[in-house]
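What would the 3D arrangement of this be:
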Amino acid sequence: MVREATINVNALAAKQTASDEEINAFWQQNQARFMAPEQFRVSYIKMDAASMQESASDDEIQSWYDQHKDQFTQPQRNRYSVIQTKTEADAKAVLAELQKGADFATLAKEKSTDIISARNGGDMGWMEDASTVPELKDAGLKEKGQLSGVIKSSVGFLVARLDDVQPAQVKPLADVRNDIAAKAKQEKALDAYYALQQKVSDAASNDNESLASAAQVAGLKVVETGWFGRDNLPEELNLNRSLTLFSTAVWWVRTARRAATPISLPLTAIALLFCALANTKPRR
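Just a heads-up that it's a prediction; the model follows:
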């Protein structure tokens with residue numbers, strides 16, 4: 001026979017007592033478990049290029065367009081038609097018919113071994129120089145309607161015709177205005193950010209006691225965090241560079257002993273924290 005009994009552990013624990021001597025002995029043996037970690041308070045100002053964005057004026061947009069026209073230039077494009085054959089003899093026969101006035105599209109549909117272009121009467125569509133095969137580039141076709149000779153290619157032989165030429169042209173400002181406005185706006189923000197960053201860095205270097213000068217130059221308020229330690233960085237400092245920040249803070253306290261000396265910590269390519277250690281609590 002199996003019998004079950006329920007034991008109230010909490011009730012038993014509540015009846016237990018410990019003397020002052022036992023409590024003191026436990027504390028003496030386990031002091032490390034009850035020590036508060038080293039803590040810090042940090043003062044900082046944050047600079048962010050995103051907060052410096054201003055809309056670009058019409059003159060700035062026009063200037064940006066004029067200086068970057070190469071970005072809005074459509075390269076020259078050529079349109080070719082081809083008739084592909086398996087043998088050189090077949091290509092010569094096709095060329096002879098074309099020279100006698102045969103219709104290119106009709107011959108392409110009848111005789112070309114390139115199924116895709118044959119369906120379109122040999123039309124290859126518009127091609128920029130970068131996408132044109134070397135055989136067509138080297139054919140020496142310059143005038144609309146000009147026929148090539150027999151061209152040897154990697155897939156056999158072909159006869160080509162230059163159907164049309166579209167000269168290089170710059171897209172009008174109206175077509176790219178919105179893109180330029182966004183780029184000019186970003187560029188203005190970056191220019192302003194880097195210029196101000198240099199001024200703030202100089203101010204911070206000249207004032208080793210606080211961030212007051214840097215904040216005045218930046219037009220920003222100094223913010224101070226609450227107490228934090230290695231494992232509970234405040235959200236505003238909990239960034240990719242948080243480990244760098246913590247290590248630097250420890251260096252300030254244990255080596256330099258210059259708690260207010262400001263440093264700069266890059267957050268991203270376009271954001272920066274200027275920090276100073278405001279106060280510390282040693283491990284205790």
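
just for this structure, where's the confidence low?
1-9, 11-15, 208-209, 230, 237-270, 283-284 (pLDDT under 70).

ok, which stretches of it are strands?
For the chain, strands defined by DSSP state E occupy the ranges 39-48, 73-74, 77-85, 123-128, 151-153, 156-166, 169-170, 223-224, 263-268, 271-281.

Deepest-packed of those strands, please.
Mean neighbours per residue, mean count of other C-beta atoms under 10 Å, is largest over the strands of the chain for strand 77-85, with a mean of 22. Heads up, the C-betas are built off the backbone N, CA and C, glycines and all.

List the contacts of it.
91, 94, 104-105, 107-108, 111-114, 117, 121-128, 132, 136, 141, 153, 155-166 (C-beta atoms under 8 Å, 6 or more residues apart in numbering).

Quick one: neighbours of residue 36, just the number.
Other residues within reach of residue 36, judged by other C-beta atoms under 10 Å, total 11.

Check whether it really touches residue 281, as I assumed.
Yes: Residue 36 lies in contact with residue 281 (C-beta atoms under 8 Å); the separation is 7.3 Å.

which helices and strands does the longest helix along the chain pack with?
The longest helix of the chain (DSSP state H) is helix 173-206. Judged by 3 or more C-beta pairs under 8 Å, 6 or more residues apart in numbering; DSSP states H and E, helix 173-206 is in contact with strand 39-48, helix 58-67, helix 212-218, strand 271-281.

hang on, residue 73 packs against residue 167?
No: using C-beta under 8 Å, residue 73 is not in contact with residue 167, being 10.8 Å away.

Restricting to C-alpha, output stretch 213-229 in PDB.
Extracted C-alpha coordinates of stretch 213-229, given in PDB (Å, rounded to 0.1, in the frame of the first residue of the first chain):
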ATOM      1  CA  SER A 213      31.000  75.000 -24.300                       C
ATOM      2  CA  ALA A 214      30.200  72.200 -26.700                       C
ATOM      3  CA  ALA A 215      26.500  72.400 -26.000                       C
ATOM      4  CA  GLN A 216      26.500  76.200 -26.500                       C
ATOM      5  CA  VAL A 217      28.200  75.900 -29.900                       C
ATOM      6  CA  ALA A 218      25.800  73.100 -30.900                       C
ATOM      7  CA  GLY A 219      22.800  74.900 -29.600                       C
ATOM      8  CA  LEU A 220      21.800  71.700 -27.700                       C
ATOM      9  CA  LYS A 221      21.100  70.900 -24.100                       C
ATOM     10  CA  VAL A 222      23.300  68.700 -22.000                       C
ATOM     11  CA  VAL A 223      21.400  65.600 -20.900                       C
ATOM     12  CA  GLU A 224      22.500  63.500 -17.800                       C
ATOM     13  CA  THR A 225      21.600  59.900 -17.500                       C
ATOM     14  CA  GLY A 226      20.600  58.100 -14.300                       C
ATOM     15  CA  TRP A 227      22.900  55.700 -12.600                       C
ATOM     16  CA  PHE A 228      23.900  52.700 -14.700                       C
ATOM     17  CA  GLY A 229      26.400  49.800 -14.700                       C
END
